[in-house]
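1. sequence plus the predicted model coming up.
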Amino acid sequence: QVQLVESGGGLVQAGDSLRLSCAASGRTFSSYTMAWFRQAPGKEREFVAFISWSSGTTYYTDSVKGRFTISRDNAKNTVTLQMNRLKPEDTAVYYCAASSYRQSFDPYEYNYWGQGTQVTVSS
């Protein structure tokens, strides 16, 4: 069992940066693939980035490549999403997720979810 709690969202202007954090409980955190998804109003939940259990593999959706960085600290049971050069189209609720199955872009492959944190980017 893994419980996830996100923090760090807020209201920023285009071009600013935000750092989202996800604190996980559970002794097996280090064995999970961790990911960030986002969901804008009226849209489906969208994959943003994932990181493998060892941090050896990361992957990003095209729209955030070069701007966002996902990282994890297995000793502290945390995963972060550093978001730079934010754009209004990045506005969404951001969710942290954990998968015990495999590295995936598919939200259905993730069995644990946080409650989400709102990110709003004004133009």
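-> Good, I have the coordinates. Numbers count the residues shown, from 1 in each chain.

2. helix or strand: which one has the most centrally placed residue in the chain?
-> Centroid-nearest residue in the chain: Trp36, 2.2 Å away (criterion: CA atoms, centre = their mean). Per DSSP states H and E: Trp36 is located in strand 33-39.

3. likewise Val119?
-> Here Val119, judged by DSSP H and E, is contained in strand 117-122.

4. quick one: strands adjacent to that strand?
-> Using DSSP bridges, the strands paired with strand 117-122 are strand 10-13 (parallel), strand 92-99 (antiparallel).

5. separation between Gly26 and Trp113?
-> As judged by CB to CB, to the nearest Å, Gly26 and Trp113 stand 13 Å apart. For every residue, glycine as well, the C-beta is placed using N, CA and C.

6. the two: who's more crowded?
-> Shown here are Gly26 and Trp113; by other CB atoms under 10 Å, Trp113 has more neighbours (18 against 15).

7. per-residue confidence for the nearest residue to that one once chain neighbours are set aside?
-> Leaving aside its sequence neighbours, Trp113 sits nearest to Ala97 (CB to CB, 6 or more residues apart in numbering; 5.1 Å). Note for Ala97: predicted pLDDT of 97.
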